[in-house]
Every structure is written in C-alpha cells, then in structure tokens.
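In: Predicted model, plus sequence, below.
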Amino acid sequence: MNLSKISSWILRIVAAVILLQTLYFKFTAHPESVELFSKLGVEPWGRVGTGVLELITGVLLLIPATAFIGGFLGMGLMFGAIASHLFVIGIESKGDGGQLFMLAIIVLICSIFIQVIHRNEGKKLLKLIIK
C-alpha cells in the first residue's frame, strides 16, 4: 500500500468518524443539538436533514469508489457548519471551548485533501456527467 492510499484511508476514517459520531445527538433530539439548530431557525428539519446528509457522507467516505463524492459533500457540509458558527452560533457553543467548530475545521481539511487525492475519480465522474 502506497503513501497516497494510506493517507486517503486515514483522512477518510477521521472525517467519517467525526461525522458519524454526531448523528446520535441529531437523531435523538439531544437538547444541545435542538438548541443549536433552533438558533439557526431550522429546528427540527435542519437537524434531521443535516444528520441524514452526514450519514450519507460518512458512508460514501468509507467506500473507496465514492470517496471523491463523500469528500465533496463533506466540504459543503463543513462550509455550512463553519459559516453557521461564525455568523450565528459563535465559535464556542454551550461552553464547549470551540470543540464543535474545531471538529468542523478538521473535517473540512480532511475533505479538501480527500478531493486532492481522489481528483482522478472526480475527473472520471465529471466526464460521465457531461456526456
């Protein structure tokens, strides 16, 4: 296994674990999750919808053939999460010391590198879409 494949697996696992571990809070209507999405004005549909997208993204990241798509979705989700923290929620949420914000940044960075590593799959996908 070469460095590129090892790096890809590490990045994909890190991003997927972060995305998937938050699902418990979203799908069980944990009070902190409800409060966060209420601040955004999208409770409950935004919380559940985001959870579904994060579940799909996490699974796509773990399947080598769909890593590019998972990385693309991860980038979109994390740009949204980071913007929500910067403009509405605040970097620190419920005294977490900015942990949710930092996890979003970590997933974004992993997703960007996944896109770079899997760019050839992205090019193939784009060719299929254009045809």
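Out: Now that the structure is in, tell me what you want to look at.

In: Using the three-state scheme, assign residue 96.
Out: Applying DSSP: H, G, I helix; E, B strand; the rest coil to residue 96 yields a three-state assignment of coil.

In: Could you tell me the model confidence score at it?
Out: Here the pLDDT value assigned to residue 96 is 92.

In: Residue 122 now?
Out: pLDDT, read off for residue 122, is 89.

In: OK, contacts around it?
Out: Neighbour list for residue 122: 68, 72, 115 [criterion: CB atoms under 8 Å, 6 or more residues apart in numbering]. For every residue, glycine as well, the C-beta is placed using N, CA and C.

In: What confidence value was assigned to the first one?
Out: The reference is to residue 68. Listed pLDDT for residue 68 reads 96.

In: Look at it and give its secondary structure.
Out: Following three-state DSSP, we place residue 68 in the helix state.

In: What ranges does the chain have for its helices?
Out: For the chain, the helices defined by DSSP state H cover 3-21, 23-27, 31-39, 45-62, 67-84, 99-117, 119-130.
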